[in-house]
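**Student:** Got a sequence here, can you build the structure:
(one chain, ligands or ions: 2)
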Amino acid sequence: MNPDVPLQLLGGLSARVFLRDYWQKKPLLIRQALTDFHSPISPDELAGLALEDAVESRLVIEHGERPWELRRGPFAEDAFSQLPERDWTLLVQAVDQFVPEVADLLQHFRFLPSWRIDDVMISFATPGGGVGPHFDNYDVFLLQGQGQRRWKIGQMCDADSPLLEHADLRILAHFEQTDEWVLEPGDMLYLPPRLAHYGTAEDDCMTYSVGFRAPSAAEVLTHFTDFLGQFLPDEERYSDAGAQPSNDPHQIQRDSLDRLKALLAEHMGDERLLMTWFGQFMTEPRYPELVAGTELAEPELLDALGQGAVLVRNPSARLAWSEVGEDLVLFASGQSRLLSAQLRDLLKLICSADALHADNLNPWLSDEEGRNLVLELVKQGSLEFADE
Ligand code: SIN
Ligand code: CO
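**Tutor:** Ligands and ions are numbered 1, 2, ... in the order given. From the prediction side, this is the model:
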């Protein structure tokens with residue numbers, strides 16, 4: 001995609017300008033980012049999802065049994081009829097994994113790396129409803145789906161920003177408002193990480209949050225070193241051949257630290273393993289149990305495709321690809337697979353196509369490596385046969 005084309009979703013900014021001036025830096029209000037936008041899911045359907053075990057949901061009731069009461073789903077069918085008239089919000093996580101029309105909205109965000117996208121959370125709020133002034137550690141696009149929501153934005157926060165005493169919610173003790181807008185369906189507000197914000201419903205309203213994921217530094221270090229450790233033999237150890245005699249046997253000398261730093265640098269600098277770990281980590285599914293896979297033999301796959309079957313990405317799967325030296329690697333739902341450079345177009349197709357079928361897979365079905373790749377992805381569950 002051309003990064004210099006003005007995008008309606010970004011209010012006429014190009015991806016390049018948005019990334020340069022706003023992404024991770026400052027908020028952007030976009031009126032009618034999506035024109036004639038009608039929420040593809042109704043409040044009742046959202047409430048229905050919140051009854052299901054597989055779905056993460058929360059209710060925040062401002063004047064509940066205690067201020068800002070949090071209840072966690074799955075909810076019982078009568079849970080919503082017993083709520084107050086106003087001032088509460090239902091939030092449902094990762095609706096894109098359960099409602100294809102919601103997943104389709106992510107097509108508009110292709111100007112950002114798909115592996116940075118976390119999920120589409122949808123909230124339904126009664127008048128006055130909100131989750132309190134807070135900040136998030138990730139970027140978010142808040143798309144108004146139905147009704148009106150008043151968004152106030154405030155200061156940049158950090159780990160030291162004072163919070164209200166609350167066991168479950170991170171509500172800011174101080175909110176220093178800098179701006180305020182009422183969003184209508186189709187309007188969208190981009191917020192960078194750590195910017196204080198406070199949304200309240202003007203009427204019954206639904207808000208879509210397209211959230212992004214970025215591993216914390218602590219996650220990167222602990223997970224990557226765990227991963228690296230699997231490849232290192234027990235025999236490889238701290239070693240100090242050539243050590244100088246020391247005056248005091250109890251002192252750990254500076255040269256020991258230098259040896260340790262050299263050991264760390266040698267392994268931390270292994271780009272092949274770093275890329276492999278990163279791709280696997282960033283494609284780990286939110287709900288691994290929904291990427292189950294099926295047993296399938298190659299002749300069955302070829303038969304099915306020959307008869308017009310269509311393969312689609314499992315909505316719970318995540319796919320990405322990269323170059324590792326001369327090779328290519330496909331990351332699929334937390335696993336990686338090294339492939340030869342000639343499969344580049346197949347990898348791109350698998351990651352981006354809405355559907356895979358005999359026509360677009362044709363050039364690769366006669367190639368053993370290509371055929372095998374498609375088969376493995378179906379067996380692993382990242383690809384699945386479309387229903388019809
Ligand atoms: C909401 O939709 O009510 C909350 C979204 C957010 O503030 O992150
Ligand atoms: Co937020």
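
**Student:** Specify the residue positioned farthest from the middle of this structure.
**Tutor:** Within the chain, Asn247 marks the point farthest from the mean C-alpha position, 54.8 Å out by CA atoms, centre = their mean.

**Student:** Count the residues that sit near the residue of the chain found nearest ligand 1.
**Tutor:** Of all residues in the chain, Ser123 sits closest to ligand 1, with a separation of 3.3 Å (CB to the nearest ligand atom). Yep, even glycine has a C-beta here, placed from its N, CA and C like the rest. One way to gauge burial is a neighbour count; for Ser123, by other CB atoms under 10 Å, it gives 25.

**Student:** Arg72 versus the closest residue to it other than its chain neighbours, what's the distance?
**Tutor:** In space, and not counting its chain neighbours, Ser123 is closest to Leu91: 4.5 Å by CB to CB, 6 or more residues apart in numbering. Using CB to CB, to the nearest Å, one obtains 10 Å as the distance from Leu91 to Arg72.

**Student:** Ok, Val220 next?
**Tutor:** From Val220 over to Arg72 the distance is 29 Å, taken as CB to CB.

**Student:** Those two - which one has more neighbours?
**Tutor:** Between Val220 and Arg72, counted using other CB under 10 Å, the more crowded position is Val220 (15 against 10).

**Student:** quick one: contacts of the host helix or strand of the more buried one?
**Tutor:** Counting by DSSP states H and E, the secondary-structure element that holds Val220 is helix 217-229. For helix 217-229, contacts defined as CB atoms under 8 Å, 6 or more residues apart in numbering pick out Pro215, His267, Met268, Asp270, Leu273, Leu274, Thr276, Trp277, Phe278, Gln280, Phe281.

**Student:** Same question for stretch 23-32.
**Tutor:** Looking at what lies outside stretch 23-32 - CB under 8 Å, 6+ apart - the contacts are 8-11, 13, 18, 22, 112, 139, 153, 179, 181, 183, 186-193, 195.

**Student:** tell me which element Leu29 falls in.
**Tutor:** strand 28-30.

**Student:** other SSEs contacting the following helix or strand past that strand?
**Tutor:** Sequence-wise, the next helix or strand beyond strand 28-30 is helix 43-49, with elements assigned using DSSP H and E. Applying 3 or more CB pairs under 8 Å, 6 or more residues apart in numbering; DSSP states H and E, one finds that helix 43-49 makes contact with strand 88-92, strand 117-125.

**Student:** contacting residues around the lengthiest helix in the chain?
**Tutor:** When the chain is scanned for its longest helix (criterion: DSSP state H), the result is helix 254-268. Taking CB under 8 Å, 6+ apart as the criterion, the residues outside helix 254-268 that touch it are Phe224, Leu228, Leu232, Tyr238, Ser239, Asp240, Ala243, Gln244, Leu273, Leu274.

**Student:** Go again with 6 Å.
**Tutor:** Among residues not part of helix 254-268, those counted as contacts by CB atoms under 6 Å, 6 or more residues apart in numbering are Leu228, Asp240.

**Student:** quick one, what contacts the most centrally placed residue in the chain?
**Tutor:** To find the centre residue of the chain, average its C-alpha atoms and take the closest one (CA atoms, centre = their mean): that gives Asp118, at 1.3 Å. Residues near Asp118 by CB under 6 Å, 6+ apart: Gly211, Phe212, Arg213.
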